[in-house]
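A.B. asks: Need coordinates for the below:
(chains A and B)
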Amino acid sequence: MNVQASQSDFILQVEHLSMKFGGLVAIGDLSFQARRGEITALIGPNGAGKTTVFNCITGFYKPTEGMITLNKRDGSTYLLERLPNHEIPARANVARTFQNIRLFSGMTLLENLLVAQHNKLMKASGYTFLGLFGFPSYRQASAESIELARHWLEKAGLVDRADDPAGDLPYGAQRRLEIARAMCTGPELLCLDEPAAGLNPRESAALNELLMDIKNSTSILLIEHDMSVVMQISDHVVVLEYGRKISDGSPQTVRTDPRVIAAYLGVDDEEVQEVLVEVGDEDVIEQLDTGPDSAHGPGNSASMLAGPVSDTVEHADEGERVTVSKGASKAAQVDARSASIASKPQPAAKPAAKSSTAKAAPKKPAAKADNASKGTEAAAKPASGKRGGDK
Amino acid sequence: MAATVSSERDDVVPPIQRALREGLYAGAIALGLFVLFIGLRTDQNISNELILVQRWLLLALVVVATAVGRFVYVGYAQPAMERAKAEKAKAPAVVAEPGFVRRNFNKIGIVVLLLYPIAMVLAFGFQGSLKWVDNFGIQILIYVMLAWGLNIVVGLAGLLDLGYVAFYAVGAYAYALLGTHFGLSFWILLPAAGCMAAFWGVMLGFPVLRLRGDYLAIVTLAFGEIIRLVIINWREVTNGSAGISGIPKVSFFGLMSFNVSDPNYIAKVLHIAQSGAYYKIFLYYLILALCFLTAFVTIRLRRLPVGRAWEALREDEIACRSLGINTTTTKLTAFATGAMFGGFAGSFFAARQGFVSPESFVFLESAIILAIVVLGGMGSLGGIAVAALVMIGGTEILRELGFLKVVFGPDFTPELYRMLLFGMAMVIVMLWKPRGFVGSREPTAFLKERRAVSGSFTKEGHG
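C.D. replies: Okay, here's the model as predicted:
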């Protein structure tokens, strides 16, 4: 697929995004794209950095490195990492919801939706001055905004409770109201942070319906743990683990990806041991070294602000670097294991279970071979991502 | 104590026995507490020596009164209240239709306020009405206006401002200085003082925007003190703590004057008898108009996007940012608008007093204004007006309690107990209505019907 030619097909392009909190690398060199008119799901185990990605996209965090491009329908392009927080919804038309619902609980449902139309109404009210004297232009805009609010209340099935305080709603309805509120800002990209969390199956089905409806007009980026939601409604899935992308593609490809299965289900403990021993001694220790990597960047920078650059520099020849604790990334273990199996001097037909018992002593040549084979793995990964994108 | 005793213990111990025991405990505690406070008193004798006066009878009276009071409360009053409550719970719940007064509270309030000076003049004559119009009417209305102005910052935007009196001071000194030095009219200086106070509101707003909650409160408190200290120490301009006197009176829109010596003195123009009451009545209607202006603007602003953004900011600032609301400018407009009304009130205050000094702008004023807002119910104009009436009118009326001298003897000075009663009243109100007189919130828009939002859902804001 030609990325250059179809750039406007992607509403959101995240390139080499890194977010560091002190020494902790929450997101390391993440790149993915979201297509216009699709639902892109961002999944991963707890602590994988999904919400951090959201916070970077919506401007609540300024990313340490990387570029987030938003292509609007009218052809204008915004670099989200450069916009101030409140201008991202206002100018780039990106709306979001929150993992822990953030409604204006003391205001009615209708008021919640009217607050969401703040910028539009501010202009209509002549930045308060015309509105203060009751100019008809403001009255008309006000009536229109109430109509828009009613439209979204109907879509969310909440129109009967329009005059109740938002804090009085049951949990599932609050979720839907938060989505309706985000939609009232007139977004092109809607970022939903775990919209199905804590919903019962019926509420979850209602939510799916609402999202499929929204999808017709707005692209959606979704964080979700509920796999039934993800598999049913998303067109494209990006899987994160420890701030790195481990898989990217259609729900079907992601579901069968062994790295994703490992990340979610884990590999057996004895296999972890085995993998560690296999890759062990040299390689893992080197990978745990988070200091500047002189081969790939300004290692001896004089600037205090220059953090370790090794995490963001392409390591095409080495595979991914893991800065978390030994054996934490299950996906990396699967990588390592498959690599080591593939690179073994023994015939490939030999069953893996048998080879594991024979792995008492670490083999230096095998570890060296790991590097080479992991390099090819890493190179193969973006290709799989594009396959998903083509679908 | 008694309220937390579990029901099982009630079964074991007969109520009278329990009441007896609690009464004895209360007496013992009272004895321990008051033996030094009341039983002994230091005094000076005729040759200026320090002596110890023993007042055992008084102590015994207090202790016995406490013990008996506790006994009666636990043994009789409490069971009676429980029975009444149980009976009420048994009776079918009747939804009380709000009475005539409650339904038309605002209209009645406006009519009463408009007729108040006339009624006072009719009742007490021109000279007799002075006290009631000036000390009560004008004084209360100034605080109503200040509290309504602060309500925008604290009640709507949820920004805790402990230095509100600074803007009051800016408005007062703006009128006092420009009026005395340049002889500008009140009608020009009123908007100018408002603008100046709003400017200082923005000046304060900028540095404190990043702060929230307690930190914001501390910085605004400091700002209030800074303004006061600048006024005290910048003697060349403000005349220091001596204050500025001879501030010109407000004219009747330039047509008539209230100075007896002027050729267009109101009594000469209208050919009526001279009286100081005209000016007070005029000032009363002036501050009433300013109050109505404040209320009108507040009500209008609440229905405009900026007012909704203030309230949304109080509810959840992060959600506001996610909806594209510029929280910086929103907070600044809240500060500026609130400060502007403070400035209006300040310039009116200067015109009414004819004299300003830093003494009028101490922290206690800020605290009283904030107490009025909290007591009235944050965000509610009616509640705040009632709270101002209770707080300011209440403390003023305590000056009038001369008849208590008959009860407690000629040494008794009710003024000394003003603040004590005031504090007790506040504690009681806060126990009885923790969210103020009007805890609910009127929604600013509705689809089908306007229903008040219960206070339990609204948030106080985090600064």
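
A.B. asks: make it CA atoms for all contacts and neighbour counts henceforth
C.D. replies: Noted.

A.B. asks: Any idea how many residues pack against B:Gly99?
C.D. replies: For B:Gly99, the neighbour count with other C-alpha atoms under 10 Å in any protein chain shown is 9.

A.B. asks: For chain A, see how far away it is.
C.D. replies: 24 Å (C-alpha to the nearest C-alpha, to the nearest Å).

A.B. asks: residue ranges with poor pLDDT in chain B?
C.D. replies: The model of chain B has pLDDT under 70 over residues B:1-13, B:92-98, B:402, B:404, B:407-409, B:414-415, B:461-463.

A.B. asks: For it, which residues are neighbours of chain A?
C.D. replies: By C-alpha under 8 Å from any C-alpha of the partner chain, the residues of chain B that approach chain A are B:297, B:300-301, B:304-306, B:308-309, B:312, B:315-316, B:318-319, B:321-327, B:443-451, B:453-459.

A.B. asks: Would you list the buried entries among those residues?
C.D. replies: B:300-301, B:304-306, B:308-309, B:312, B:315-316, B:318-319, B:321-327, B:443-447, B:451, B:453-455, B:457-459 (16 or more other C-alpha atoms under 10 Å in any protein chain shown).

A.B. asks: Help me confirm that B:Leu20 comes into contact with B:Phe71.
C.D. replies: Yes. Using C-alpha atoms under 8 Å, B:Leu20 is in contact with B:Phe71, at 5.7 Å.

A.B. asks: Comparing the two, which shows the higher neighbour count?
C.D. replies: B:Phe71 (24 against 18).

A.B. asks: Just the element for that one, please.
C.D. replies: Here B:Phe71 sits within helix B:56-72, counting by DSSP states H and E.

A.B. asks: could you check the angle helix B:56-72 makes with the helix or strand just after that helix?
C.D. replies: Scanning forward in sequence from helix B:56-72 by DSSP H and E, the next helix or strand is helix B:78-90. Angle, helix B:78-90 to helix B:56-72, by axes from the mean of the first three to the mean of the last three C-alpha atoms, to 10 degrees: 30 degrees.

A.B. asks: Quick check: next helix or strand after helix B:78-90?
C.D. replies: Past helix B:78-90, the next helix or strand by DSSP H and E is helix B:100-103.

A.B. asks: Where does the closest residue to chain B within the stretch 201-350 of chain A sit: helix, strand or coil?
C.D. replies: Proximity of the stretch 201-350 of chain A to chain B (C-alpha to the nearest C-alpha) peaks at A:Leu221, 15.2 Å away. Three-state assignment for A:Leu221 (DSSP: H, G, I helix; E, B strand; the rest coil): strand.

A.B. asks: Can you tell me the SS state at the residue of chain A found nearest chain B?
C.D. replies: Taking C-alpha to the nearest C-alpha as the measure, chain A has A:Gly106 as its residue closest to chain B, at 3.8 Å. With three-state DSSP as the basis, A:Gly106 sits in coil.

A.B. asks: contacting residues around it?
C.D. replies: A:Gly106 makes contact with A:Pro165, A:Ala166, A:Gly167, B:Glu315, B:Val453, B:Ser454, B:Gly455, B:Ser456, B:Phe457, B:Thr458, B:Lys459, according to C-alpha atoms under 8 Å, 6 or more residues apart in numbering or on different chains.

A.B. asks: Reformat these as a markdown table; add distance to A:Arg181 and secondary structure.
C.D. replies: A markdown table is the format used below for those (distance: C-alpha to C-alpha, whole Å; DSSP: H, G, I helix; E, B strand; the rest coil):
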| residue | distance to A:Arg181 | secondary structure |
| --- | --- | --- |
| A:Pro165 | 14 | strand |
| A:Ala166 | 11 | helix |
| A:Gly167 | 14 | helix |
| B:Glu315 | 15 | helix |
| B:Val453 | 19 | strand |
| B:Ser454 | 22 | coil |
| B:Gly455 | 22 | coil |
| B:Ser456 | 22 | coil |
| B:Phe457 | 18 | coil |
| B:Thr458 | 18 | coil |
| B:Lys459 | 19 | coil |
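
A.B. asks: Dump those residues to JSON lines, plus distance to B:Ala166.
C.D. replies: Shown next, in JSON lines, are the contacts of A:Gly106 (distance: C-alpha to C-alpha, whole Å):
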{"residue": "A:Pro165", "distance to B:Ala166": "36"}
{"residue": "A:Ala166", "distance to B:Ala166": "37"}
{"residue": "A:Gly167", "distance to B:Ala166": "36"}
{"residue": "B:Glu315", "distance to B:Ala166": "27"}
{"residue": "B:Val453", "distance to B:Ala166": "33"}
{"residue": "B:Ser454", "distance to B:Ala166": "33"}
{"residue": "B:Gly455", "distance to B:Ala166": "30"}
{"residue": "B:Ser456", "distance to B:Ala166": "32"}
{"residue": "B:Phe457", "distance to B:Ala166": "32"}
{"residue": "B:Thr458", "distance to B:Ala166": "28"}
{"residue": "B:Lys459", "distance to B:Ala166": "26"}
